[in-house]
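> Need the 3D shape of this:
(2 chains)
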Number of protein chains: 2
Amino acid sequence: MSEWFANGQSIDTVDIRDRAVQYGDGLFETIAIRDSLPRFWPLHVARLQLGCHRLGITATDDAKLAADLDKALHQCTIDTTHCTAKIVVTAGSGQRGYRRSGAAKASVWVGVFDSRRIPASTYKDGIDVRLCHLRLAEQPQLAGLKTLNRLEQVMACAEWDDTDIFEGLMLDAADRLICGTMSNVFIVSANALKTPAITRCGVAGIMRQHLLAIIVDAGIDCEVADISVDEALAADEIFLTNSQFGVLPVRRCGQYAWSKYPVSRRIMELAAQNSVPECRI
Amino acid sequence: MSEWFANGQSIDTVDIRDRAVQYGDGLFETIAIRDSLPRFWPLHVARLQLGCHRLGITATDDAKLAADLDKALHQCTIDTTHCTAKIVVTAGSGQRGYRRSGAAKASVWVGVFDSRRIPASTYKDGIDVRLCHLRLAEQPQLAGLKTLNRLEQVMACAEWDDTDIFEGLMLDAADRLICGTMSNVFIVSANALKTPAITRCGVAGIMRQHLLAIIVDAGIDCEVADISVDEALAADEIFLTNSQFGVLPVRRCGQYAWSKYPVSRRIMELAAQNSVPECRI
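Alright, predicted model coming up:
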C-alpha cells in the first residue's frame, strides 16, 4: 500500500518528461515515521541537500520539504504511528538530452508506505545474508548519495529469491565489503568496531551516521576504513544498519555462522536508548 | 517539441510507481527516423532485447515494439521525414523495494521529437570537443547497455556551457578513452582505425556497430581495443559516431587540433553509401 503526494496534492502519475523518468536524474530519502513524526529528519534533509548540491539540482528549501512531508502524513490514509515515507527530489522536467536546461524547477514527490515490522525474535536471533555476485562500480562523484540510479541494487536483489535471506552484502571489484543492497554494515573484531568507508561507492546511510555519532559519544571506538571480504567474514560479529529496522546482527553468511552477538547487542541497546527503541531485545 | 505514446495512445504522464521513476529500472533506444521509417531498426531492437535479457526485464516481442513505434509515428504531429524517436522499456510498476515482484509487466513508451539538423559545414569542418573530468565507473554487468541510469552522462554534460563545444569525451579511472557523453569514438593512427572496447563501461552505440560492419565489408581494418587518452590525443584523426548525426570529425580537443580528415572522410563517404546520407560532404 502506498500513497503519493506533490505540493500537498494526491498524485498517481508524474510528467513523462521529468528527468527522473528519463535519466534517473534525482535523489531520494526513505524515512522512518514513528508516532507520525519523521525520525532523524535533520540527517535525512542534510543528505538530500548535499546530494542536490553535488548533482547540481536546484535546491528546495528545508522548510518546504518538511511542509510537503507533513502534508502527506496528514492527508494519507495510512497509519502514521509506524510507517515509511519516501521523498523524491528530481531535476524537474526538461527537453530530450543529458544537459539540463538550467531553468527547470526541481520536482518534489512524497510517498507514504505501510512498513513491515521486524519480529523481536529477528533482533534476538539475527539474520541470514549472502554475498552478491554483482560488484559495486567505483564512482566517487556519486558515492554516499542515494540517487535514483539504482540498477546495481536492483540487479543484486535479483540474484536470489530464497525468502530466508534477509539481505545481500555487496563488494567492490577489489573484494572490499561496501554495504548491503539496502543497509550499511559494521564488523566487530576483538571488541573493536569497524565500518566500510563510503568514498568510492555505496550509500552513506542515515542509521550508520546516527550510530557513528552515538558510538563516539559512548566512548566506543569505531574505525571507518576499507574492509576486505575476508576480514569481514573472519570477524567476531557483523551487524547491519538501516533507517527502518535500526540494527540487526548477522547470524549466517553462506558457510559462515555466528551465534553470539555481545558487542552488537551493546550497540543495539545504545540505539534503543537513542531514538531506535525497536532494537531493544 | 516532443509527443509521447503508450499502446498507441497519447500520454503525458506515467505511473509514479513505475520502476523507471523510482530506480531507473529500464532501458531506452534513440532512433533516427528518416522518411518516416526507423533507421537501423534491427540493430536497435536487438540491443533493447539484449538489455532486457541482461537486466531481467520481461521481454516485449519485437513485433509489438515495431507496432508501437509505427503507431506513434502515424499519430504524432511532428514531421516524421526527419525526426528522432525514443523507445523506453521499463520493469513496470511495482511495490517499494529494489526487488522486482516478478509479476510486473514491462512498460513501453514511445516519444517522438523534432531533431536538429547538423549543418553541412560541421561535417566538413569538424567539431570541437573537450575531455570530461568525471570518469566513467567500471560496471561490466551494465557495460554496452543504454539503461535509464544516466547520471554520469548528466553530470559530465553539466561540466561545460560553452555552446562551441559539441561533445565531451569520457575516460575511465585508468585514463582510457571510452566514448562521448552521447557518442562513440574512433581514432586513426597511420591509417589504422581503432575504437574503444565497451566491456567495462560506456554504451555500445548503434552507429558504431553499423560502421564496424561496413568498415569490415569494405576491407578496412579496425581494431576494437583499449585506447589511452594519450594515444587518442596523439592520433592523426579522431571521429565521433552517433545514430542521429552519423559521423563527425573532431577539429579540436583542448590544446590539440586537427585540420585534415582524409580517413574520417573516407568513412563518412562509406556511411553515406550505407544509409547515412547526411555524412556526404
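
> Check the residue of chain A at minimum distance from chain B and give its pLDDT.
Closest to chain B within chain A is residue A:24: 3.0 Å, counting by C-beta to the nearest C-beta. (C-beta placed from N, C-alpha, C; glycine too.) If you check residue A:24, the pLDDT there is 98.

> can you count the residues close to it?
Using other C-beta atoms under 10 Å in any protein chain shown, residue A:24 is surrounded by 28 other residues.

> What of the one 5 residues further on?
Under the neighbour criterion other C-beta under 10 Å, residue A:29 is assigned a count of 24.

> separation between it and residue B:171?
32 Å (C-beta to C-beta, to the nearest Å).

> now swap in residue A:48 and tell me
Residue A:48 sits 30 Å away from residue B:171, going by C-beta to C-beta.

> which residues touch the residue most central in space within chain A?
Central residue of chain A (C-alpha atoms, centre = their mean): residue A:205, 4.7 Å from the mean position. Neighbour list for residue A:205: A:179, A:183-184, A:241-243 [criterion: C-beta atoms under 8 Å, 6 or more residues apart in numbering or on different chains].

> What subset of these is buried?
A:179, A:183-184, A:241-243 (16 or more other C-beta atoms under 10 Å in any protein chain shown).

> What pLDDT is listed against residue A:9?
Residue A:9 is assigned a predicted lDDT (pLDDT) of 97.

> Look up phi and psi at it.
With angles defined as degrees, to the nearest 10, residue A:9 sits at phi -110, psi 140.

> How many residues are close by it?
Neighbours of residue A:9 using other C-beta under 10 Å come to 10.

> hang on, the earlier thing: correct me if wrong: the residue of chain A closest to chain B contacts residue A:152.
No: counting by C-beta atoms under 8 Å, residue A:152 is not a contact partner of residue A:24; they are 11.7 Å apart.

> element containing residue A:63, please.
Residue A:63 belongs to helix A:62-75 when assigned by DSSP states H and E.

> could you dump that helix to CSV, C-alpha only?
Taking C-alpha atoms only, helix A:62-75 is exported to CSV below (Å, rounded to 0.1, in the frame of the first residue of the first chain):
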residue,chain,number,x,y,z
ASP,A,62,14.3,22.6,4.1
ALA,A,63,11.1,24.2,5.3
LYS,A,64,9.3,23.4,2.1
LEU,A,65,10.5,19.8,2.2
ALA,A,66,9.3,19.4,5.8
ALA,A,67,6.0,21.0,5.0
ASP,A,68,5.5,18.7,2.0
LEU,A,69,6.2,15.7,4.2
ASP,A,70,3.9,16.9,6.9
LYS,A,71,1.0,17.5,4.5
ALA,A,72,1.5,14.0,3.1
LEU,A,73,1.5,12.4,6.5
HIS,A,74,-1.7,14.4,7.4
GLN,A,75,-3.5,13.6,4.2
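
> Show the subsequent helix or strand relative to it.
Counting by DSSP H and E, the element after helix A:62-75 in chain order, helix or strand, is strand A:82-90.

> okay, the angle between that following strand and helix A:62-75?
Orientation check (axes from the mean of the first three to the mean of the last three C-alpha atoms, to 10 degrees): strand A:82-90 against helix A:62-75 gives 140 degrees.

> Need phi/psi at the nearest residue to residue A:260 once chain neighbours are set aside.
Sequence neighbours aside, residue A:237 is the residue nearest to residue A:260 in space, at 7.8 Å (criterion: C-beta to C-beta, 6 or more residues apart in numbering or on different chains). Backbone torsions of residue A:237, given as degrees, to the nearest 10, read phi -150, psi 150.

> Let me know whether residue A:237 touches residue A:263 as I believe.
Yes: counting by C-beta under 8 Å, residue A:237 sits close enough to residue A:263 to count as a contact (5.5 Å).

> who touches both of the two?
Residues touching both residue A:237 and residue A:263 comprise residue A:188, with contact defined as C-beta under 8 Å, 6+ apart.

> Filter the buried ones among the contacts of residue A:205 down to just the ones in strands.
Among the buried ones among the contacts of residue A:205, DSSP state E puts A:179, A:184, A:241-242 in strands.

> Check what pLDDT residue A:101 gets.
Predicted confidence (pLDDT) for residue A:101: 84.

> I meant to write residue A:96 there.
pLDDT, residue A:96: 87.

> Please, which helix or strand holds residue A:265?
Element membership of residue A:265, judged by DSSP H and E, is helix A:262-273.

> Tell me where chain A has helices.
Here chain A has its helices, by DSSP state H, at A:19-23, A:41-55, A:62-75, A:120-125, A:151-157, A:206-217, A:229-233, A:262-273.

> buried set for the third one?
Residues of helix A:62-75 classed as buried by neighbour count (16+ other C-beta under 10 Å): A:65, A:68-69, A:71-73.

> What about chain B: which of the residues you listed touch it?
When contact is defined as C-beta under 8 Å from any C-beta of the partner chain, the buried residues of helix A:62-75 do not meet chain B at all.

> hmm, back to that, quick one, which of the helices of chain A is packed in tightest?
The highest average neighbour count among those, using mean count of other C-beta atoms under 10 Å in any protein chain shown, belongs to helix A:19-23 at a mean of 27.

> Send me that one as PDB with only the CA atoms.
The C-alpha atoms that make up helix A:19-23 are tabulated as PDB, following Å, rounded to 0.1, in the frame of the first residue of the first chain:
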ATOM      1  CA  ARG A  19      14.300  13.800 -15.800                       C
ATOM      2  CA  ALA A  20      13.800  11.200 -13.100                       C
ATOM      3  CA  VAL A  21      11.800   9.100 -15.600                       C
ATOM      4  CA  GLN A  22      14.300   9.700 -18.500                       C
ATOM      5  CA  TYR A  23      17.700   9.600 -16.700                       C
END
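
> So residue A:98 sits against residue B:153, correct?
Yes: in this structure, residue A:98 is within contact of residue B:153 by C-beta under 8 Å, at 4.4 Å.

> which residues sit in contact with residue A:138?
For residue A:138, the contact set (C-beta under 8 Å, 6+ apart) comprises A:172-173, A:200-201, B:137-138, B:173.

> quick one: low-confidence ranges for chain A?
Judged against pLDDT under 70, chain A has no low-scoring part.

> Just give the number of residues close to the residue nearest to residue A:111 when sequence neighbours are not counted.
Closest residue to residue A:111 apart from its sequence neighbours, by C-beta to C-beta, 6+ apart: residue A:86 at 4.2 Å. For residue A:86, the neighbour count with other C-beta under 10 Å is 19.
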